[in-house]
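[1] Fold the following, please.
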Amino acid sequence: MNIVGGIVYGDPTRRSEREVLSALLPGAGDLAQARRIDAAGAVLAAVGPGIVSEHVAEGALVADLDLTNLGDLPGISEGMTPARCLQRLYDQHGSAFATRLRGAFAIALWSPTQRRLVLVGDRFGFRRVYYAVSNAGVAFGSRVKSALALPGCSRELDQDAVYAYLNFGTVPAPQSIYRAVRRLAPGQALVWEDGRMTLEQYWDVTYSERSLGRVAAARATYGQAEKAIRQTLGSLEPKQTGAFLSGGTDSSTIVGLMSRLTGERVHAFSIGFQEERYNELEYAELAAHHFDAAHYTRIITADEALACLPDVVAAYDEPFGNNSALPTYLCARLARETGVKVLFAGDGGDEIFGGNERYRRDSILSRYQLIPALLRHGLVEPMVSLFPADAPGLTGKARRYVERACLPNPDRFYSSEFFVNQNREQLLHTDFLAATTPDWPLEVARRHYNTPSSAAELNRLLHVDLKITLADNDLFKVTRTAEAAGIGVRFPLLDHSLVEFMATLPASYKVRGAEKRYIFKEAFAGLLPERILSKAKHGFGLPTSDWLKRHRGFRALGRDVLLSNRARQRGYFAPGAVEELFRLHEADETPFYGDILWNVLMLELWHERHGGTA
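    Numbers count the residues shown, from 1 in each chain. Next comes the predicted model:
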């Protein structure tokens, strides 16, 4: 576990208490191993095997680094320490020094003479950086509670963040669960200088559509992916490196390229379930056999999942509802038990290659040319009114289709999600409603959608998912579960050169008509088995909805926690709303309401484990 933190007081003469270390490094197992640097009016601290902590120039630096190009930094070959290399890069390039780094990092540079603190997170949000700023100074860290070490910092919850969580299943940047604490967005740097704070975006994806033939694009896509795997492998020991293997295209591609590049059997790890509809070990075994990987598998039961749930809840210091955190944790733990120290994860492939089913659905909706004409002539409402909202069968589907097609993006993109937002008046308590911003989750998505203003529609949606689905959700899921299991994790498909290259390809090379991953399939047709290239997407799903309904332990947990007086007193839900969700869940054969209940359950379990005020 690597944690960095620090505090700079507004009063440069102020001395910090010894107890500040535990506040800056919450969750650290052994503070006796922590490194602490005291400077004029400031404290920088770090703990863990992968941290860097050193006096540099006239100041200090702490960082959590997992760089894939550390050996290439200027000065390293001459024996310069990583901290001094980073300081020199900053002196030369300012906050843009981070563009010279590849991989995961969270860095803090403190200059007492200029009273300047610089905080930098990596391009994609592998490492989180939280901060709080007030007249008392600035506090920061890789844990949300690190920032609460700032004197007078309020622990009041951000109600809009809670509301966003209930829809996204995670708290999106720049918010945190606490109103006074914020989080750096991916590719962002913070500069605090003698009480004045600025935020700088040192990197972001730039989308363009250069002219490149299909064959050349496919060849280049393969080449860039191969380079990304080679870069991510770096100096890692192959015998202590492995990969998550779900049997999907991305994890299978990583295992295949690792095998070709190392010439050794790849350690691949997969989780299966007793419930057949959630079990895709068949495809993982197919990929492992195809690449002659050393394949480690485990079928988990509901009892085993319930037993490790406290570990997963403890791993997330902010509410986190992604139910695939459970199998990811168990898979990482399986890898640790076999002696693997670093796992490669396939996250990012959907967002750069165009692999999400939502992209295909939106492509179909956007091609329906009648809707814009009806909108221009004011004929949509009359047509929609012909079909009752609750009409069964094709009639009801037609109305819902027309209504969705009429929406602008990203609202259309999320039109089948955000159940809580769409039913806020019925579900949420009046006091909580009054404290939240209507349509706040959509406002978050709209901000990311509008950032690449000149990009094609699909690329804008990819950008939304890169920031929310990936940075706020999936990366948080994998990094924290791997950490809880005691191993490292890297994301080769998010090597920035590969991401930047894919952003230059036409949108039609990602989703063409109803076909997802168009150029990806061309590029990797010679690597992957046909059954994996053509399979429907599944991923690390979990039968939590079934368990909340049918497993004695999960069923009791859900009802005991969510129907307790303590949960009711949080004031999030209208009287009877949670009971109605349980009733709907019992009557529904799909996981829909079970997934909603899981999000609510994880919010309440976060309250119980990590505290905070409602």
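[2] so what's residue 439 closest to, chain neighbours aside?
    Nearest residue to residue 439, sequence neighbours excluded (Cβ to Cβ, 6 or more residues apart in numbering): residue 421, at 6.7 Å. Bear in mind the C-beta positions are built from the backbone N, C-alpha and C, glycine included.
[3] Give me the buried positions along the helix or strand harbouring that neighbour.
    In this structure, residue 421 is located in helix 419-422 according to DSSP states H and E. By neighbour count with 16 or more other Cβ atoms under 10 Å, helix 419-422 contains the buried residues 419, 420, 421.
[4] so which of those would you say is closest to residue 546?
    Ranked by distance to residue 546 (Cβ to Cβ), these are led by residue 419 at 18.9 Å.
[5] surely that closest one meets residue 596?
    Yes. Taking Cβ atoms under 8 Å as the contact criterion, residue 419 and residue 596 are neighbours in contact, 5.8 Å apart.
[6] hmm, back to that, following the chain onward from the helix holding residue 421, which element is next?
    The helix or strand immediately downstream of helix 419-422 is helix 424-427, counting by DSSP H and E.
[7] just checking, what packs against the next helix or strand along the chain from that next one?
    Proceeding C-terminally, helix 424-427 gives way to helix 430-435 as the next helix or strand, assigned by DSSP H and E. Contacts defined by 3 or more Cβ pairs under 8 Å, 6 or more residues apart in numbering; DSSP states H and E place helix 430-435 against helix 159-168.
[8] Number of residues surrounding the residue nearest to residue 346 when sequence neighbours are not counted?
    If the residues on either side of it in the chain are set aside, residue 346 comes closest to residue 250, at 3.3 Å by Cβ to Cβ, 6+ apart. Counted with other Cβ atoms under 10 Å, residues neighbouring residue 250 total 25.
[9] thought residue 250 was touching residue 493?
    Yes. Counting by Cβ under 8 Å, residue 250 sits close enough to residue 493 to count as a contact (6.2 Å).
[10] Now do the shared contacts for the two.
    In terms of Cβ atoms under 8 Å, 6 or more residues apart in numbering, residue 250 and residue 493 are both contacted by the residues 346, 347, 348, 349.
[11] ok, so of these, who is nearest residue 572?
    Sorting the shared contacts of residue 250 and residue 493 by how near they are to residue 572, with Cβ to Cβ, puts residue 347 at the top with 29.8 Å.
[12] Using just helix, strand and coil, how would you label the closest one?
    coil (DSSP: H, G, I helix; E, B strand; the rest coil).
[13] Start the count at 41 instead of 1 going forward.
    Renumbered: residue one is now 41, and that last one reads residue 387.
[14] now it: how far from residue 395?
    If you measure residue 387 against residue 395 using Cβ to Cβ, to the nearest Å, the figure is 11 Å.
[15] now residue 168
    On the measure of Cβ to Cβ, residue 168 and residue 395 end up 25 Å apart.
[16] Give me the more crowded residue out of these two.
    It is residue 168, of residue 168 and residue 395, that has more neighbours when counted by other Cβ under 10 Å, with 26 against 20.
[17] Who are the contact partners of the closest residue to residue 277 other than its chain neighbours?
    Counting by Cβ to Cβ, 6+ apart, residue 277 lies nearest to residue 381, which is 7.8 Å off, once chain neighbours are set aside. When the contact criterion is Cβ under 8 Å, 6+ apart, the partners of residue 381 are 277, 280, 281, 527, 528.
[18] Compare these and tell me which is most surrounded.
    Most crowded among the contacts of residue 381, counting by other Cβ under 10 Å, is residue 281 at 23 neighbours.
[19] Who's the closest spatial neighbour of that one, skipping the chain neighbours?
    If you skip the residues right next to it in sequence, residue 281 has residue 382 as its closest partner in space, 5.0 Å away by Cβ to Cβ, 6+ apart.
[20] same question, residue 369
    Here the residue nearest residue 369, using Cβ to Cβ, 6+ apart, is residue 521, at 4.0 Å.
[21] Touching, the one you found and residue 354? I think so.
    No. Counting by Cβ under 8 Å, residue 521 stays clear of residue 354, with 11.0 Å between them.
[22] which of those two has more neighbours?
    Neighbour count, other Cβ under 10 Å: between residue 521 and residue 354, residue 521 has more, with 26 against 15.
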